[in-house]
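>>> Build me a model:
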Amino acid sequence: MARVIVLGAGTGGMAGAYEIRELLSSDHKVTVINEREDFQFVPSNPWIAVGWRQRPDISFPIRPHLEQKGIEFIAQAVTELDAANNRLTLANGDVEDYDYLVICTGPKLNFAAIEGAGPHDGFTQSICSLDHAESCYDDVKALVDEPGPVIVGAMPGASCFGPAYEYAFVLDRELCKQKVRDRVPMTYVTSEPYIGHLGLGGVGDSKSMLESELRNRHIQWITNAKVTRVADGVMYVDELNDEGELKKQHELPFRHSMMLPSFAGVDPVAAVDGLVNPKGFVIIDEFQRNPTFNNIYSAGVCVAIPPVEDTPVPTGTPKTGYMIESMMTAIAHNLAADLDGKGEANHRGTWSAICLADMGNTGAAFVAIPQIPPRNVTWFKKGKWVHLAKVAFEKYFLRKMKTGSSEPVYEKYTLKALGINRLKEETSDK
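Predicted coordinates for the structure are as follows:
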C-alpha cells in the first residue's frame, strides 16, 4: 500500500484529490493536508472585495466532502518538508510520512518585495485570499464614505494580471452604483509592457480591447510601471521605456489601492535544495514530476514556468484554472501508472490558457493554445454573456467540489460556455 499526500486544497488540490482517489485502487491511501479547514474559491475574490459576495457564498468546510470519498483530511500548516526522507512536519508537531507527494500549495504572496505593500503591514489592499478580499471590502466602504483617488494594478514581478483588471472594472461598476464614481479618479498601474499583455505576450486583440474598456470607464493607466515603494496615501512609481530606461517618475496619491504582488514559493517547499528554482517554485518535467525527487509531483501556481518573454519590468507567466486542472489530471494518471501498473507514466498537462474575466456588467474571455506563443489558437471576445457565464461557473464549480466529482470541470464548463467545441480536439494532444 502506498500513501499519497496532496499538499494544498485549493482549486487544483481538492479537485485533483478526487481524481487521484478515483484512479487509484483502494489499496492506496490518499491524504489531503491544508492549512485551513475551509475551501475558498479564489476566482470570486474580486466580487467579495466590492461586497457582491459573502464568505458563505464561496467557501465551505473541506472535511466532510473529502471524507465521504474516502480521502483523509488534515487541517494543519506544514512547517518542514524533508524530501530526502519522504516526511512532512506539521505546525502541531505531528510528522506525516508519504510515498508520493503532490504539491499544489499555491504561492507565497511576496508583499515584502516592495516597501509599504500589502494589507497587513503596508498600505495597499489585496484580493489574493478571502481574508484579504474581505479587508479590501472594508476599505472600499470607507472609500464610498470618503471618495478619493484609486490605484489598481500589479507590482513588478507579478504573474497574475487578470484579477487586477477584473477588480478595476467591478470596482468602477460598484462606485457607479453608489453614485460616487465622479469623485474617484482611477489609475491602472501595471508592470506589463502594454495594456492586455497579461503575462502572455497578449492574446489576440487583448491590447486594443482592454485599452478601450479602460477608456470607456475613464481609467488612466501607466504601463512598464516599477513600483518602488508605497507610503500612506502615496505610491512611488518609476515608469520605464521599452529599453528599460527611466522615462518618468510618478508620486501618485490614493485613497484606496489594490495591487497584486509578485509570487514566490511557500517557505517549507522553497527551503528544499534540488526541488525548487531560486524563487522557490517547484521544478517539474513534462510529466509534472520533480527531476530530483521522482516521487514528488506538483501543479498550479507553485510550479516553475519561465516568463513568456523578457519585459522592461519583470512579469511572470500566469497559471489559469484550465491549465491547473489539466496538470492535476496528468498527475492522477501518472500516479495510477506508477502504483497500479496502468501503463507508462507519460501523461502531460495541457499548458493552454482559457479564461473568463468579469467586468462588472460585461466580461472578456480569452483562449491561448498553447499559452506560450506562437500559438495554434488565439481568441479574445467580450460581452455580457461572459459575465453571466462566470456567475454560472462559480455555482457549477462549487457544486462539483461539494459532490466530489472528478470530472474536468474547467474543460467541460468553460469550453461549453465559450461555444468552441473544436478546442477540446485541438488541446487533446497538447
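
>>> residues contacting Glu394?
Counting by CB atoms under 8 Å, 6 or more residues apart in numbering, Glu394 touches Phe41, Pro43, Ser44, Ile58. Just so you know, the C-beta spots here come from the backbone N, C-alpha and C atoms, and that holds for glycine as well.

>>> Helix or strand: which one has it?
In the assignment (DSSP states H and E), Glu394 maps to helix 384-403.

>>> Quick check: Met186 vs Phe169, distance?
Here the criterion is CB to CB, to the nearest Å. By it, Met186 lies 10 Å from Phe169.

>>> who touches both of these two?
Arg217.

>>> And these two? Which one has more around it.
Per other CB atoms under 10 Å, whichever of Met186 and Phe169 has more neighbours is Phe169, with 27 against 21.

>>> How about that one: what's its closest non-neighbour residue?
Once flanking residues are discounted, Phe169 sits nearest to Met359: 3.9 Å by CB to CB, 6 or more residues apart in numbering.

>>> Could you do Phe161 as well?
Leu198 (4.9 Å).

>>> So that neighbour sits against Lys207, correct?
No. With contacts counted by CB atoms under 8 Å, Leu198 stays clear of Lys207, the gap being 9.5 Å.

>>> Those two - which one has more neighbours?
Leu198 (30 against 17).

>>> which residues touch Asp340?
Leu23, Leu24, Ser25, His28.

>>> my bad, should have said Ser129
Counting by CB under 8 Å, 6+ apart, Ser129 has contacts Gln40, Val42, Asn45, Leu109.

>>> what bits of this protein have low per-residue confidence?
Applying pLDDT under 70 to the chain flags residues 411-430.

>>> As a check, name the ranges of all strands in the stretch 1-150 of the chain.
Here the stretch 1-150 of the chain has its strands, by DSSP state E, counting those that start in this stretch, at 3-7, 29-34, 38-40, 59-61, 72-75, 78-82, 87-90, 95-97, 100-103, 108-109, 150-154.

>>> For Tyr297, find the nearest of those strands.
Closest to Tyr297 of those, according to CB to CB: strand 100-103, at 4.8 Å.

>>> Please name the nearest non-neighbouring residue to Pro408.
Glu325 (5.6 Å).

>>> would CSV of the contacts of Asp340 with neighbour count be doable?
Converted to CSV, the contacts of Asp340 look like this (neighbours: other CB atoms under 10 Å):
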residue, neighbour count
Leu23, 20
Leu24, 21
Ser25, 12
His28, 19
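
>>> Among the residues you listed, which lie within helices?
Using DSSP state H, the members of the contacts of Asp340 that fall within helices are Leu23.

>>> Reformat the contacts of Asp340 into JSON lines and put distance to Ala133 next to each item.
Below are these laid out as JSON lines (distance: CB to CB, whole Å):
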{"residue": "Leu23", "distance to Ala133": "34"}
{"residue": "Leu24", "distance to Ala133": "35"}
{"residue": "Ser25", "distance to Ala133": "40"}
{"residue": "His28", "distance to Ala133": "37"}
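
>>> That'll do, ta.
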